[in-house]
Every structure is written in structure tokens, then in C-alpha cells.
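**Student:** Turn this into a structure:
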Amino acid sequence: MTDATQPTASPTPDDQSGKQIWDPALRAFHWLLALSVTGAWLLGEFGPAKMTLHMFLGYFVIALLVFRVIWGLVGPANARFVNFIKGPGAVWRYIRTLPSRETQYYPGHNPLGALSVVALLLVLAAQVATGLFLDPEDYLNIGPLAEMVSTAWNRFALGWHHRLGAVVLILVVLHVGAIVFYKLWKKEDLVTPMITGRRKG
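**Tutor:** Numbers count the residues shown, from 1 in each chain. The predicted structure follows:
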């Protein structure tokens, strides 16, 4: 197996010129998830007392997550989990390359980026799951599955729904920070490929 820190681990810009990195379905998923999570978070923090739209966005996030799991199993190569999720050793070796300004031109997610993708998907899954069971006793914002569990579990779900909202915010800030870091330090544009599907070069 080739070491991920070696120059041969990833193609050059010429190798990737004109080639699709992200397929249209994955790009649509990315932007729809970004908009849905942003909208749901803003409504949760600043929205009206009745969280109907917040809940609908939560259901939409569930649908998007289900799609991503399916696409991660049967989608194009760069979308499949088996092709980009690496072990701790590969992640650590990649982290050690971050101080270098050399761009490695991974055709998809690099090992650290893959770890952040998995973390965000898992946290969002837990976030929407807790939303299904919460009951804040305001008679307005009761989760559709709240009556299936005890009041203690309703309180548990409510508490973790708020905590996980903060975790999601942290992960999103780190994600945006990583985009800025790669743009300024590595001179690598991560946004354009998620719009056009192709890396500039």
C-alpha cells in the first residue's frame, strides 16, 4: 500500500484536469444539507415559539442522511465510504503534512476531511434522532415519537438535542475554517469543485 504522505499518493493538477471529482447528486446533497442545517439551527436559536418549520427541516435532514448512507454504499467511487474512510495511521500521517504548503491533490476527501465528514454525519444523525423523541412540555413542539418513551427519556432527548446543536455548530465552524486554511495556506480551492464538480487547474 502506498504511504499517503508520499507524492505518489495523489494525482497532479494535470492528472485531474477535466475529470469529475464530485458527482451532481453528492453536490446537491452537500448544499441542501448546508442550507437545511443552517435554517434549522437559526430557527432553533432565534425562530418563533412554534417550531413547525424547524421540525420539517429536521425531517428533510433525515431524508438527506438516508440518501448519503445509500450513496456511500452504491454511489460513484469518490462518494463511497470504503474509498475515503481511512484508519488512524493514515489520518495521523496526513495531519503531519499540514504544515507543508504543498498541495496533495486528493481526488476526493483526504483522510482528515473524511474523518470530519463521518463525524458530522454521525452527530447530525444523533441530533435529528433526539428531536424525534423530545417533549419540552410546551404543548407545541412535541417530537412525533415522544409518546413512545417515558418522560425521563423525553427530558434526556431534549437535553442532548440542545447539546448536539452546539456540537454541530462547532463542526461547521471547523469545516469553514478548514476551507479557509486550504485556500490561504495550501492554495487549494475546495469550494469550486463542490459547485462545478471539477477542480480548477
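**Student:** Longest helix of this structure, counting residues only.
**Tutor:** Secondary structure of the chain per DSSP state H: the longest helix is helix 151-184.
**Student:** elements contacting that helix?
**Tutor:** Packed against helix 151-184 by the contact rule (3 or more C-beta pairs under 8 Å, 6 or more residues apart in numbering; DSSP states H and E) you find helix 24-46, helix 111-133. From N, CA and C alone the C-beta is placed, and that goes for glycine too.
**Student:** how about the last one: buried residues?
**Tutor:** Read it as helix 111-133. 111-115, 117, 120-121, 123-133 (16 or more other C-beta atoms under 10 Å).
**Student:** same question, the first one
**Tutor:** Residues of helix 24-46 classed as buried: 26-27, 29-30, 33, 36-37, 39-41, 43-44 (neighbour count, 16+ other C-beta under 10 Å).
**Student:** And the average pLDDT for the longest helix of the chain is what?
**Tutor:** Helix 151-184 shows a mean pLDDT of 95 in the predicted model.
**Student:** Next SSE downstream of that helix?
**Tutor:** The helix or strand immediately downstream of helix 151-184 is helix 191-196, counting by DSSP states H and E.
**Student:** contacts for that next one?
**Tutor:** Residues from elsewhere that reach helix 191-196 (C-beta atoms under 8 Å, 6 or more residues apart in numbering): 21-22, 27, 30-31, 179, 183, 198-200.
**Student:** Switch the residues you listed over to TSV; also include distance to D189.
**Tutor:** Shown next, in TSV, are these (distance: C-beta to C-beta, whole Å):
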residue	distance to D189
I21	11
W22	13
R27	15
H30	15
W31	16
I179	9
K183	6
R198	11
R199	7
K200	6
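**Student:** For the chain, give me the ranges with low pLDDT.
**Tutor:** Within the chain, the stretches with pLDDT under 70 are 1-18, 139, 201.
**Student:** about what we covered before: wait, which of the buried residues of helix 24-46 is closest to N83?
**Tutor:** Of all the buried residues of helix 24-46, N83 sits closest to L26, with 12.6 Å by C-beta to C-beta.
**Student:** Buried residues, the longest helix of the chain. List them.
**Tutor:** Neighbour-count burial for helix 151-184 [16+ other C-beta under 10 Å]: 154, 157-158, 160-161, 164-165, 167-168, 171, 175, 182.
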